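Enquirer: 3D, please:
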Amino acid sequence: MKKTTTSLRTKRKIQKRNNRIKAVAALLSILIVVLLIVIHFTPQETQADSAPKAPTYKYYTSIRVEHGDTLWDIAKEYRTEEYNSIQSYIEEVKTMNHLTSDKITDGMYLSIPYYSTEYKA
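Expert: Below you'll find the model as predicted:
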């Protein structure tokens, strides 16, 4: 009789555990469906919703370094919004001009990039 009671208890424990697992799985499924519905029906900003931007063109120019100029100062003056940061602009200027440091001297010429909406043939 003891064996039957133990077997019955074990079966009940297993059945309870299985029921809990099914309940958790059902709850997770409902949460996933709700999340997908929310994501699907949430308005997303698309490019069509916003005003079209004018195309930009990348150009290069040469500037003469004046006394006291730094790459930081030049980047603040010439960097456009196409660059994520002043540092990314400085890195491009250094690469273009084969600079291995941030040191620039009075009188040297630097090629610098810039963007414009104006098309120059």
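
Enquirer: now for Ala121: which residues touch it?
Expert: By Cβ atoms under 8 Å, 6 or more residues apart in numbering, no residues touch Ala121. C-beta: built from backbone N, CA, C; applies to glycine.

Enquirer: with Tyr59 instead?
Expert: Pro113, Tyr114, Tyr115, Ser116, Lys120.

Enquirer: which of the residues you listed are buried? Put it as a ChimeraX command.
Expert: Restricted to buried positions by 16 or more other Cβ atoms under 10 Å, the ChimeraX selection for the contacts of Tyr59 reads:
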select :113,114,115
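
Enquirer: ok, the contacts of Tyr59 vs Leu36, which is closest?
Expert: Tyr115 (39.6 Å; Cβ to Cβ).

Enquirer: how about the strands in this protein?
Expert: All strands of the chain, identified by DSSP state E, fall at 57-64, 109-116.

Enquirer: which one of these lies closest to Arg79?
Expert: Closest among the strands of the chain, using Cβ to Cβ: strand 109-116, at 8.1 Å.

Enquirer: hmm, which helix or strand of this structure has the shakiest average pLDDT?
Expert: helix 2-41 (a mean of 86; mean pLDDT, DSSP states H and E).

Enquirer: next, the buried residues of that helix.
Expert: Using 16+ other Cβ under 10 Å, none of the residues of helix 2-41 count as buried.

Enquirer: distance between it and the chain's centre?
Expert: Relative to its parent chain, helix 2-41 has a centroid offset of 39 Å by Cα atoms, centre = their mean, to the nearest Å.

Enquirer: same question for stretch 77-88.
Expert: 16 Å.

Enquirer: number of nearby residues for Thr117?
Expert: 9 (other Cβ atoms under 10 Å).

Enquirer: I'd like to know how far it sits from Gln87.
Expert: 25 Å (Cβ to Cβ, to the nearest Å).

Enquirer: of all residues in the protein, which one is nearest the centre?
Expert: Asn84 (10.6 Å; Cα atoms, centre = their mean).
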